[in-house]
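# Requesting a structural model of the entry that follows:
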Amino acid sequence: MKTITYIATVLLSIPLMAFTDKGPKGDTVIIELNGSKIVIITENKADLARIQDYDINQMIKDLNAQLQDSVTYLEIDGSEPGKEYVSDNNISNNGEGLSIDLGGLEVEVDPDELDDFDEDDWRRRRKVTYDVKRTERTTHHFNMDLGLNNWLEDGNFPDINNSPYSVKPFGSWYVGLNSTNRTWVGGPLFLEWGLGISWYNWKLEDSDFRIVETDTMVDFVDDPNINGMKSKLTVSYLNAQLVPMFDFSRGRKRIRSLEASGIKIRRYSRRGIRFGLGGYVGYRLGSHTKYIFKEGSGREKDKEHDNFFLENFRYGLRGQIGWKGVEFFGTYDMNNVFSSGKGPELTAITFGMTF
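Residues are numbered from 1 along each chain as shown. As a prediction, this is how the structure comes out:
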């Protein structure tokens, strides 16, 4: 008969089977299954308990897919550094304590164990790195967009004409907090969808200009009697987005885990390249201007909340591209920031990183 050797790898380099010329060593567990046997040999009972972290079902599925003939000898070798068969139970909350998932970072705290936590526990913390290759149908996490925003006028940045509404490229921040679902459609295709809140912050290049709302329009006014220090417009939106993504690693993740008594900190990083283009819609939640200026030897701050003839809805395109643990995004609003005829015809544009 043909001899088939299949090498799989598991977390923490725990050997599941080890055969020598003298026969098996250590504690042995033999499971009878209708004429077949599963033999597990460990150094002690504690190692046996840790095998529950591994996905035995996935191992059997892969074996069935590869075996073509009868088997006279089979070895699963846990001495190599790969970790493809770690169970998903290792990266999900077990229902006890508190688990917080923020994008690629998960923190899990067990209050019962944390009561007895001391410095020795932290010094004995365990660092583990492993891969998870299986793709769940839908996963959920929180992430944050952090970037820079500007606006365009007829496809150009306003500063080429020295317009009063030109903004500082590295002072106008965009922040987005998103609740994101990731659904696997098939092959490398995923859908990323969810809700979030975002903030546009347009800081004017020339801080002497002040954003003023009149009865009929919004205007950018320069008061020669005031020495401006900062002038900006902030607008917040509630958003919904849908972005089809091509992820050629098919959801594979590398996980770095730091574990001490009562605390587990896991850092996720995706594998391979991914990219996508989709859309979003948003509804304005609030808006305000902030104007800081010098007066005498001190400085004053004037903050005004109003609608400033801003469009209540925004909609546009969102692009994303990532490589391993790094992901960039860009958005382009397809409608104007201000209502037609009530202000300059500007469209918002943003680019940055997702954490």
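# Around residue 326, how many other residues sit close by?
For residue 326, the count of nearby residues is 12 (other C-beta atoms under 10 Å). In short, each C-beta sits where N, CA and C put it, glycine included.
# go on, residue 148?
17.
# now swap in residue 285 and tell me
13.
# Buried residues, the host helix or strand of it. List them.
Applying DSSP states H and E as the criterion places residue 285 in strand 273-295. Neighbour counts over strand 273-295 (16 or more other C-beta atoms under 10 Å) mark 274-276, 278, 280, 282, 284, 287, 289-291, 293 as buried.
# Next: stretch 259-273.
Per 16+ other C-beta under 10 Å, stretch 259-273 contains these buried residues: 259-264, 266, 268, 270-271.
# Out of the residues you listed, which is nearest to residue 169?
residue 270 (29.4 Å; C-beta to C-beta).
# Could you check the pLDDT of the closest residue to that closest one other than its chain neighbours?
Distances taken as C-beta to C-beta, 6 or more residues apart in numbering put residue 253 closest to residue 270, at 5.7 Å, once the chain neighbours are dropped. Looking at residue 253, its pLDDT reads 73.
# so how many other residues sit close to residue 253?
19.
# how much space between it and residue 203?
As for residue 253, its distance to residue 203 is 37 Å (criterion: C-beta to C-beta, to the nearest Å).
# swap in residue 180?
Applying C-beta to C-beta to residue 180 and residue 203 gives a distance of 28 Å.
# Return the closest of the buried residues of stretch 259-273 with respect to residue 217.
Nearest to residue 217 among the buried residues of stretch 259-273, with distances taken as C-beta to C-beta, is residue 270, at 46.6 Å.
# what's near enough to touch the closest one?
247, 249, 251-254, 322, 324-325 (C-beta atoms under 8 Å, 6 or more residues apart in numbering).
# Chain neighbours aside, what residue packs nearest to residue 330?
For residue 330, the closest residue by C-beta to C-beta, 6+ apart turns out to be residue 351, at 4.2 Å.
# Bridged to the one you found, which residues?
residue 148, residue 330 (DSSP bridges).
# which stretches of the protein aren't confidently modelled?
Applying pLDDT under 70 to the chain flags the ranges 1-29, 31-37, 41-105, 110-126, 128, 130-135, 251, 261-262.
# Go again with 80.
The chain contains residues with pLDDT under 80 at 1-136, 250-271, 296-297, 325.
# Can you give me the domain boundaries for it?
According to automatic domain parsing, the chain comprises the domains 1-86, 138-354.
# so which of these comes closest to residue 106?
Nearest of the domains of the chain (C-beta to C-beta): domain 138-354, 4.5 Å.
# quick one, what contacts residue 200?
149, 172, 174, 233-237, 348, 350.
# got a markdown table for those residues, with secondary structure too?
Output for those, formatted as a markdown table (DSSP: H, G, I helix; E, B strand; the rest coil):
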| residue | secondary structure |
| --- | --- |
| 149 | strand |
| 172 | coil |
| 174 | strand |
| 233 | strand |
| 234 | strand |
| 235 | strand |
| 236 | strand |
| 237 | strand |
| 348 | strand |
| 350 | strand |
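# would you list the buried residues of stretch 259-273 in TSV and tack on secondary structure and distance to residue 109?
Compiled in TSV, the buried residues of stretch 259-273 are given as follows (DSSP: H, G, I helix; E, B strand; the rest coil; distance: C-beta to C-beta, whole Å):
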residue	secondary structure	distance to residue 109
259	strand	12
260	strand	11
261	coil	11
262	coil	6
263	strand	6
264	strand	8
266	strand	12
268	strand	18
270	strand	25
271	coil	28
